[in-house]
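Student: need a structure here:
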Amino acid sequence: MKITPEVDKHLQSILSDESKYESLYWLDLMRLAESLQTTEDKVVLTLLGKAMKLGYDDSADNPFFSDSDIHSDENSSYVKRRHFDDAYFSDSDYENLEDFLPNIKHPVLTARICDLLWTLKGNHSCAAKAIDAYKECSEATFDVDNWTTCFGHLKKSARIARSLGKNTQQYKDFCAYIDSIIRRIDGTDPLFLSISLIELLLDSGYRELADYVTIADKIIVNACGKSSLRRTETAFELKIKLLHKLGNNEAKLVARTDYAQHIESLAKEHHARNTLTDTQHAIHYYEKAVLLYREAMKPNNVQRVRLILEPIKRTYAESMPYVSQTIDRKPTYDWLHGLMAHRSFAEKIVIMSLLTRFRSKQKLEESVLTKHREFVFSSMFGSVVLDNDGKSIINIPPLDMHAPKADIPLLEMHMHREATTLQSYEAMIDIDMALQIIQETHGTVRLEDFVFLIDDNFLVPEDRKHIFKLGIMHGINGDYYAALHLLAPQVENLFREITTLCGGLVTTFEDDATEQLKALSKVFDSPELKDCYDENVLFIFKGLLNEKSGANLRNRVAHGITGSVEGNSPLAMYFLAAVIKLCSWYSRVCLKIIPTLIRELEESQLATSQANE
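Tutor: As a prediction, this is how the structure comes out:
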């Protein structure tokens, strides 16, 4: 089987469009094969089309792939694995492709076939041909303004050169060729070709790097003059990487300092514009400058920039726009008032606890994944949790667009954030109204009012019963700040007690034979507790007490961060109701009245949507 003059003429016509991405040539080849009359010519063009159709993944040992395994479920659809099907080509196909090579005149087709024969069949003679053909393709498409096609050819050539070994002449010739391009451009290109070529040599293990530091400096000066932010940052990072490879630590620290000063100057420019968006950019750049000064071992600069940053963050937090929403609570209030007004105090407290929802992990996961699927644009970006002074508490990266369940710890961060949002909302509606009705119909409560909930309770330790009653009393009387400070550490201790009862250890054993309390996160994650206790309840209280992506109430209370505004927030109100709900499950009095109240709630017209999930 051979390439006829007619086929060759058609190939030259199809492959002459050098602006087309090479993987799209196969469409033209397949269409042409269908239009020809000669059977042998059809077979030739179909085989060449199959060769060009293969996908190419630079990150894989075998970059060619013919198919992808797709994993789908109700919440996501994503590529699980790319692979090459060994049956894609027959042995005769490989023989024919090799036979075609002497008559193929276009470098794109030569490069693809030689790359295939080297990668898939180990044909050593084709490796050098593939390198040369890719280099020829790069020269034909060389353009410092539209550089990605040219660089793509060189990147493929680099992979083959590396696979032959660093001591081979092909590898040395390839590195010399890239070096000549870098020196010819000399950092004057307007975009990223020089940077990408130097990084390509770095990744290929090239060692003659000293002259590239000067070129990186030229790129930095050129990019700064043209206000090309991303190019400037990338060039600084390249310079630092080069100095690290050269072992010049002193120059590396100087480069980091220069980089930090550049970023700080950008922060000052944005802050001077005094708009909300520019302030946000200024905060981002000041934060980056802090990290760079820290890496450059400039503690005084770190301190100075942080002192500049603090008031900017505080002002930003105060000026952030709020989205208001109006809700008519009267129908719900009337229904709830009719349900609670004639009840005993204990029944009112239990009804409030039944209205406090503990969403399951499954429901929270479904809620997160539904939003991830339906709100595609917002799902592309992460989120930052700020405190009242505008300080970043935690950065929550976005879920993978195609595999949102691939990273379980990250997914659980999003679930804790979702739970916090829902808890705040529910506290402002159901729980707040229930507390209002209790306060209106019962007045100021006293410690003895909570005997029914705490005294005959087999969960709350005997020596903690008084403080539980004191904390709940403050909360029911509307002082959520005091309730939070009293109850948060007690609930932490409660779960330590439960872990001990489940056979787990809540202390560590140190080298000096002392024992220290385990971090609360370790307690919630202990296998013994998870085996014995409901995972949904653990997840709720872990988020409320200890997760930065959740409410994190225990840590903020313990470190004195929580002020009166946060301490009387909807989340503080929800925490009070959650503690009451937890205690009600272990109170003998509550256990007697809960079943009756659940039935009455289910029978009411509005209860279906408000009963405990």
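
Student: What is the least confident helix or strand in this protein?
Tutor: The helix or strand with the lowest mean pLDDT-type score in the chain, counting by mean pLDDT, DSSP states H and E, is helix 607-610 (a mean of 48).

Student: what about Cys126, how many residues close to it?
Tutor: For Cys126, the neighbour count with other Cβ atoms under 10 Å is 23. (Glycine included, C-beta is placed from N, CA and C.)

Student: which residue is nearest the middle of the chain?
Tutor: Pro397 (2.8 Å; Cα atoms, centre = their mean).

Student: OK, contacts around it?
Tutor: Taking Cβ atoms under 8 Å, 6 or more residues apart in numbering, we find Pro397 in contact with 382, 410.

Student: And it, its phi and psi?
Tutor: phi -60, psi 160 (degrees, to the nearest 10).

Student: Check the one 4 residues further on too.
Tutor: Note on Met401: its backbone torsions stand at phi -60, psi -40 [degrees, to the nearest 10].

Student: how about it, what does it touch?
Tutor: Contacts of Met401 by Cβ under 8 Å, 6+ apart are 376, 379-380.

Student: how near is it to Phe377?
Tutor: Separation of Met401 from Phe377 (Cβ to Cβ, to the nearest Å): 11 Å.

Student: Same check on Thr356?
Tutor: Thr356 is 34 Å from Phe377, by Cβ to Cβ.

Student: same deal with Asn568?
Tutor: 35 Å.

Student: Neighbour count for those two, which is higher?
Tutor: Asn568 (18 against 6).

Student: Surely that one and Tyr481 touch.
Tutor: Yes: under the criterion of Cβ atoms under 8 Å, Asn568 makes contact with Tyr481 at 5.2 Å.

Student: Show me the shaky parts of the protein.
Tutor: When residues are selected by pLDDT under 70, those of the chain lie in 1, 17-24, 67-82, 322-325, 605-613.

Student: what domains does the record give for it?
Tutor: What automatic domain parsing lists as the domains of the chain is 1-68+82-140, 141-247, 253-316, 331-610.

Student: What is the distance between the third one and the centre of its chain?
Tutor: Using Cα atoms, centre = their mean, to the nearest Å, we find the averaged C-alpha position of domain 253-316 to lie 24 Å away from the chain's own average C-alpha position.

Student: repeat for stretch 41-53
Tutor: The chain centroid and the centroid of stretch 41-53 are separated by 42 Å under Cα atoms, centre = their mean.

Student: which residues touch it?
Tutor: Contacts of stretch 41-53 (Cβ under 8 Å, 6+ apart): 1-4, 6-7, 10-11, 22-23, 25-27, 29-30, 32-34, 36, 88-89, 93, 96-97, 100, 109, 112-113, 116.

Student: Type out the ChimeraX command that picks the buried ones from those residues.
Tutor: In ChimeraX, this line selects whichever of these come out buried by 16 or more other Cβ atoms under 10 Å:
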select :3,7,10,11,22,25,26,29,30,32,33,36,88,89,96,97,100,109,112,113,116
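
Student: For the stretch 251-400 of the chain, just list every one of the helices.
Tutor: 276-295, 299-319, 330-340, 345-355, 361-374, 376-379 (DSSP state H, counting those that start in this stretch).

Student: Which strands or helices does the first one pack on?
Tutor: It refers to helix 276-295. Using 3 or more Cβ pairs under 8 Å, 6 or more residues apart in numbering; DSSP states H and E as the contact test, the elements touching helix 276-295 are helix 249-273, helix 299-319.

Student: Done for today, thanks.
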